[in-house]
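Engineer: Attaching a predicted model along with its sequence, questions to come.
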Amino acid sequence: MKIATYNVNGVNGRLAVLLRWLEEDSPDVVCLQELKAPDDRFPSRAIERAGYRAVWHGEKSWNGVAILARDVQPHLTRRGLPGDQQDAACRYIEAAVGGMLFGCLYLPNGNPAPGPKFDYKLRWVRRLLDYAAEILELEIPALLIGDFNVMPTDLDVYAPERWRDDALFRPEVREAFAELLAQGWTDAIRYLHPEERVYTFWKYWRKSFERDAGLRIDHILLSPPATPWLRMATVQRQPRAWPHTSDHAPVIVELDVPSRELVTSSTIPGGPGKPRPASRKAGKSLRPLPQR
């Protein structure tokens, strides 16, 4: 199974780029971030014509997340990260596909730091840590995928000395990412490429892409049951060079998933015969939700 994350930087404005990439790479599951589109402007028909079905959580402005699956409807289980009922930002969506749980996220940028935006980022990542621990308690194959807006180590940024005070690189967020891994999640890229400089984002200015002055902020994390299936992890750099493209590149993993007899919909909370438990943090049911 080929799984990807892609911050499209505007799903409608860069729809041609997205559709071209879907046709050329044919991933099975895709997590998108930064849709910049409310729910009623999500281009579901165009995506369906490309062979994908989707669930999405959108808003006007900078946020918005979606999960696409080739030839199958994702089974929506959560829209929004639990832990703060006042937070209306569209930064998390979750669905089951092919017997696995996919959490697609767009973590806040947090700049300028320090400041209110950075404080919000720290609160959001703490909620993510709490909820990620709950997912692990289920002992199911699960993935946390998306734009984390975190560069975990010096190896993940072209010039670490220039980024020390940036909200993407401050010690607080790096420590939070390390805490995620300490829970038991596996960073797919770093697991297979422990010493390699791998970037997923390049600014539009000063020929950053041409100079390879990049950052690694888009990540795919695997739960312990899914980690043994990992066979490949890479960054598909070609779309970043296309005209009118996103400043991010797709990150792709390939998993050698066992047969459906071993991993079925009944293994996923919310699947047939196994209702999903309520979240202790949110106090809400996490049963499958209808797409708006």
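Structural biologist: Received it, and whenever you're ready, just let me know what you need.
Engineer: Need the contact partners of the longest helix seen in the chain.
Structural biologist: Assignment by DSSP state H gives helix 116-137 as the longest helix of the chain. Residues outside helix 116-137 that contact it (CB atoms under 8 Å, 6 or more residues apart in numbering): 81-84, 87, 91, 101, 103, 105, 107-113, 142, 144, 149, 167, 170, 172-173, 176, 179-180, 183-185, 223-224, 279-281. (C-beta placed from N, C-alpha, C; glycine too.)
Engineer: does the residue nearest to Asn111 when sequence neighbours are not counted sit in a helix, a strand or a coil?
Structural biologist: Among residues not flanking Asn111 along the chain, Ala167 sits closest, at 4.4 Å (CB to CB, 6 or more residues apart in numbering). Of the three states, Ala167 takes coil under DSSP: H, G, I helix; E, B strand; the rest coil.
Engineer: and Pro239, that one's in a helix?
Structural biologist: Yes - judged by three-state DSSP, Pro239 forms part of a helix.
Engineer: in which helix or strand would I find the nearest residue to it once chain neighbours are set aside?
Structural biologist: Nearest residue to Pro239, sequence neighbours excluded (CB to CB, 6+ apart): Trp21, at 4.9 Å. Element membership of Trp21, judged by DSSP states H and E, is helix 15-25.
Engineer: Work out which residue lies at the spatial centre of this protein.
Structural biologist: Among the residues of the chain, Gly146 comes closest to the average C-alpha position under CA atoms, centre = their mean, at 1.8 Å.
Engineer: What about the closest residue to it other than its chain neighbours, how many residues nearby?
Structural biologist: Once flanking residues are discounted, Gly146 sits nearest to Leu105: 4.1 Å by CB to CB, 6+ apart. If you count neighbours by other CB atoms under 10 Å, Leu105 ends up with 26.
Engineer: Give me the mean pLDDT for the helix or strand where Leu105 lies.
Structural biologist: Per DSSP H and E, Leu105 falls inside strand 100-106. Average pLDDT, strand 100-106: 98.
Engineer: and if you look at stretch 142-156?
Structural biologist: 98.
Engineer: Check the offset of it from the chain's centre.
Structural biologist: Taking CA atoms, centre = their mean, to the nearest Å, one finds the center of stretch 142-156 at 9 Å from the center of the full chain.
Engineer: How far does it stretch from one end to the other?
Structural biologist: Start-to-end span of stretch 142-156 (CA to CA, to the nearest Å) is 24 Å.
Engineer: Is Gly10 part of a helix or strand, or is it coil?
Structural biologist: Applying three-state DSSP: Gly10 is coil.
Engineer: any chance you could map the strands in this protein?
Structural biologist: All strands of the chain, identified by DSSP state E, fall at 2-7, 29-33, 52-57, 65-70, 75-79, 92-97, 100-106, 142-147, 186-187, 218-222, 230-235, 251-255.
Engineer: For the second one, name the packing helices and strands.
Structural biologist: The helices and strands touching strand 29-33, judged by 3 or more CB pairs under 8 Å, 6 or more residues apart in numbering; DSSP states H and E, are strand 2-7, strand 65-70, strand 100-106, strand 142-147.
Engineer: One more: the first one?
Structural biologist: In this structure, strand 2-7 makes packing contacts with helix 15-25, strand 29-33, strand 100-106, strand 142-147, strand 218-222, strand 251-255, judged by 3+ CB pairs under 8 Å, 6+ apart.
Engineer: Name the stretch among those that sits most buried.
Structural biologist: Mean neighbours per residue, mean count of other CB atoms under 10 Å, is largest over those for strand 29-33, with a mean of 29.
Engineer: Give me the contacts around it.
Structural biologist: With contact meaning CB under 8 Å, 6+ apart, strand 29-33 is reached by 1-8, 11, 18, 22, 52, 56, 64-70, 74, 97-98, 102, 104-106, 145-147.
Engineer: tell me the angle it makes with strand 65-70.
Structural biologist: Here strand 29-33 points in a direction 160 degrees away from that of strand 65-70 (axes from the mean of the first three to the mean of the last three CA atoms, to 10 degrees).
Engineer: Please identify the buried residues of stretch 70-89?
Structural biologist: Under the neighbour-count criterion of 16 or more other CB atoms under 10 Å, stretch 70-89 has 70, 74-84, 87, 89 buried.
Engineer: tell me the two of the residues you listed that are most distant?
Structural biologist: Arg70 and Asp84 (33.4 Å; CB to CB).
Engineer: and stretch 132-141, how far from the chain's centre?
Structural biologist: On CA atoms, centre = their mean, the centre of stretch 132-141 falls 17 Å from the chain's centre.
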